[in-house]
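# Sequence first, then the predicted structure:
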Amino acid sequence: MTYLIGTDVDLYNDNDETVRQIDFSIMSQNAKFTIVRAGQNIWKDPDFLYNWSMSKRANLPRGSYWFYDDRIDPKTQAELYMSVFDGDFGELPMFIDVEKDYGGQFKGWENWKIFLEHLKILVGNKEIGIYTNFYYWKDNVPSSENIYFNQYPLWIASYNPQPAIPDTWKDKGWLFWQYTDKGIGSLYGVESSSVDLNYYNGDEISLIKRFNIQININPIPTEDLLLEEKQYYDGINYKKYETYTSYGKATYHLMKVDSDKIELYVSPQLQARKYVPDYLDAFNIDFAINGDGFISTTIAGYASSEGNVYGKFGIEEPVYIGKNNELSLVRPSSIWNAISHPNRLVINGIIVPINKAIDDIRARTAWGYSEDGKTIFFFVVDGGDYYSKEGLNFQDVAKIMLKLGCYMAYMNDGGGSTTMAIRDNGIVKIIGKPSGEDDVIRYPGYKLRRVANILGFRIKNKTTIPPGTIPNNNIKKITVEYSDNKYITTNISKR
């Protein structure tokens, strides 16, 4: 009989030194399913969110497993396992992985039963199985417990021509068989040199029927979709994109500007904060995004507005902007404009390692420029309130900025501060969906936050482009990889 081949994957299949993660589109060419590690002990696998969503996007039926750790209460582990899914438990079973002892107080089959029974309460009718190997099971489970554990389908690890089956499942046999840990990694889209491979005990039709798998004829897009574009002025070009991440859909707005068409501007220190669109009339500029973080009217870092320096040097590293839009991280002898930023995203064409949680998702503001400094990119992501988790995380903003063409890119203050505004035919307009706290009568329909400074520009010679937005016929797309989450994780077992 010819069995169906699939993979099982975890954080060790991803190289932490690179931006790229598992490419499930490659995996789907050679595998018919995947089983994803959810975690161990009290640790959630840091790559789970990415692996779970991207395998779904690639139309791979998904199972999951939790590596049981006898140092932690089994009910706690079951609750952590359930919590990683946000309601999407996948198409294949959830498995408890029992294969190693740590000498903890929750060792043994009695505690595995507690884990399983508690997990059943948490996940309802979702099918649950057991991963193990012949000798570990034989040495740890008495025959008196065979009837109980027989209710759970078996995923057996055995690197022999035929798997040895524990007596518990002699009547049913195996459902999945991990037959090697030496699959060729590149054939399955992983960054590790090898990958675990498994058989399903049946063919593809059997798999679809057994787990009632719905074929997705409209998979989640793997490319960013251009929704709208408009040229506001000569050299001032706007695009609106919809992007698809491992944690949902987000909308971002890009203003791509020819440096020689504008004069960059940083606002001075103020006695009272202003809404971003109010800066345009206050300082006779044509465009602005929110700038640095702040407490009251004091910015977090260092800034300069046309030679007037304010803030504190050394807390955040500023970008220095010359009178002719020269951009540098090196402090010049004569400072014109300067603005600080909470985080660097891209330096010299390389994404900076970002020590931020992958689930820190909200509205974002960023900016950057090309290697020759001739193109400047201003970027905002739509968001919701603090609890809604709308927007993007730091890692995905960095990847998008790099993909758009930034050689250098920086994150400004975000969340409720995120705002982009432009003067269009004399009228100040807000671009996107800010997520501030204030309803402002003069900007109906928008929720704004007052900010302490802005980065913007004046247009040198305004050449107004005839009105009209290019709709999304002849759609253009860019490909972006997502969610490069790099927690430092210790004491996690690798099979």
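Perfect, thanks for sending it.
# burial count for the closest residue to Ile354 other than its chain neighbours?
Ranked by CB to CB, 6 or more residues apart in numbering and with sequence neighbours excluded, the top spatial neighbour of Ile354 is Phe394, at 4.7 Å. Just so you know, the C-beta spots here come from the backbone N, C-alpha and C atoms, and that holds for glycine as well. Phe394 sits with 24 neighbouring residues when counted by other CB atoms under 10 Å.
# pretty sure Phe394 contacts Met411?
Yes: Phe394 lies in contact with Met411 (CB atoms under 8 Å); the separation is 6.6 Å.
# Touching both of those two, which residues are there?
In terms of CB atoms under 8 Å, 6 or more residues apart in numbering, Phe394 and Met411 are both contacted by the residues Asn343, Leu345, Arg364.
# How much space separates the most far-flung residue of the chain relative to its centre from Trp109?
Most distant residue from the mean C-alpha position of the chain: Ser144, 46.6 Å away (CA atoms, centre = their mean). Note on Ser144: its distance to Trp109, by CB to CB, to the nearest Å, is 10 Å.
# same question, Tyr3
Taken as CB to CB, the span from Tyr3 to Trp109 is 29 Å.
# residue ranges of the strands in the stretch 51-200 of the chain, please?
62-67, 94-97, 128-133, 154-157, 176-184, 194-200 (DSSP state E, counting those that start in this stretch).
# show me where pLDDT drops low in this structure?
1, 18-20, 215-222, 246, 315, 356-359, 385-389, 463-495 (pLDDT under 70).
# Can you show me the helices along it?
24-30, 48-57, 74-83, 109-123, 134-140, 146-149, 204-210, 276-282, 394-404 (DSSP state H).
# how about those helices, which one is nearest Val381?
Among the helices of the chain, the nearest to Val381 by CB to CB is helix 394-404 (6.9 Å).
# got the buried residues for that closest one?
For helix 394-404, the buried set under the neighbour-count rule, 16 or more other CB atoms under 10 Å, comprises Phe394, Gln395, Asp396, Val397, Ala398, Lys399, Ile400, Met401, Leu402, Leu404.
# Now for the fourth one: which residues touch it?
Right, the one you point to is Val397. Applying CB under 8 Å, 6+ apart, the residues near Val397 are Leu345, Arg364, Ala366, Phe379, Val381, Met411.
# give me the number of residues near Asn348?
8.
# quick one: the closest residue to it other than its chain neighbours and Ile351, what's the gap?
Using CB to CB, 6+ apart and skipping residues adjacent in sequence, the residue nearest Asn348 is Tyr407, 6.7 Å away. From Tyr407 across to Ile351, the span is 12 Å (CB to CB).
# likewise Arg362?
Taking CB to CB as the measure, Arg362 falls 20 Å from Ile351.
# ok, now Leu187?
For Leu187, the distance to Ile351 - CB to CB - is 27 Å.
# Pick out whichever of the two has more residues nearby.
Between Leu187 and Ile351, Ile351 has the larger neighbour count (other CB under 10 Å), namely 18 against 15.
# Give me the phi and psi angles of the nearest residue to Arg37 once chain neighbours are set aside.
Computed as CB to CB, 6+ apart, the closest residue to Arg37 that is not its neighbour in sequence is Asp10, at 3.6 Å. Main-chain dihedrals, Asp10, degrees, to the nearest 10: phi -150, psi -170.
# who's in contact with Asp10?
Val36, Arg37, Asp45, Asp47, Asn51, Lys494 are the contacts of Asp10 under CB under 8 Å, 6+ apart.
# Relative to Glu326, which of these is nearest.
Asp47 (40.7 Å).
# The residue nearest to Pro166 when sequence neighbours are not counted: how many residues sit nearby?
Distances taken as CB to CB, 6+ apart put Trp137 closest to Pro166, at 4.3 Å, once the chain neighbours are dropped. By the measure other CB under 10 Å, the count of residues near Trp137 is 22.
# roughly how far apart are the residue nearest to Arg37 and Gln21?
12 Å.
# Show me whatever sits in contact with both of those two.
With CB under 8 Å, 6+ apart, Asp10 and Gln21 have common neighbours Asp47, Asn51.
# Any idea what Thr132 is bridged to?
Beta bridges link Thr132 to Ile156 when assigned by DSSP bridges.
# Tell me if I'm right that it and Pro166 touch.
Yes: at 7.3 Å, Thr132 counts as touching Pro166 under the criterion of CB under 8 Å.
# Show me whatever sits in contact with both of those two.
Contact criterion CB under 8 Å, 6+ apart; residues shared by Thr132 and Pro166: Leu154, Ile156.
# What values do phi and psi take at Asn201?
Dihedral angles for Asn201 - degrees, to the nearest 10 - are phi -80, psi 70.
# ok, it - contacts?
Asn201 makes contacts with Tyr3, Gly173, Trp174, Leu175, Phe176, Trp177, as judged by CB under 8 Å, 6+ apart.
# Number of residues surrounding the residue lying closest to Asp73 once chain neighbours are set aside?
With sequence-adjacent residues excluded and distances taken as CB to CB, 6+ apart, Asp73 is closest to Phe106, at 6.0 Å. Residues lying near Phe106 (other CB under 10 Å) number 20.
# ok, now which ones touch Phe106?
By CB under 8 Å, 6+ apart, the neighbours of Phe106 are Asp70, Arg71, Ile72, Asp73, Pro74.
# Out of the residues you listed, who's the most crowded?
Pro74 (22 neighbours).
# Check the gap between it and Tyr81 for me.
On the measure of CB to CB, Pro74 and Tyr81 end up 10 Å apart.
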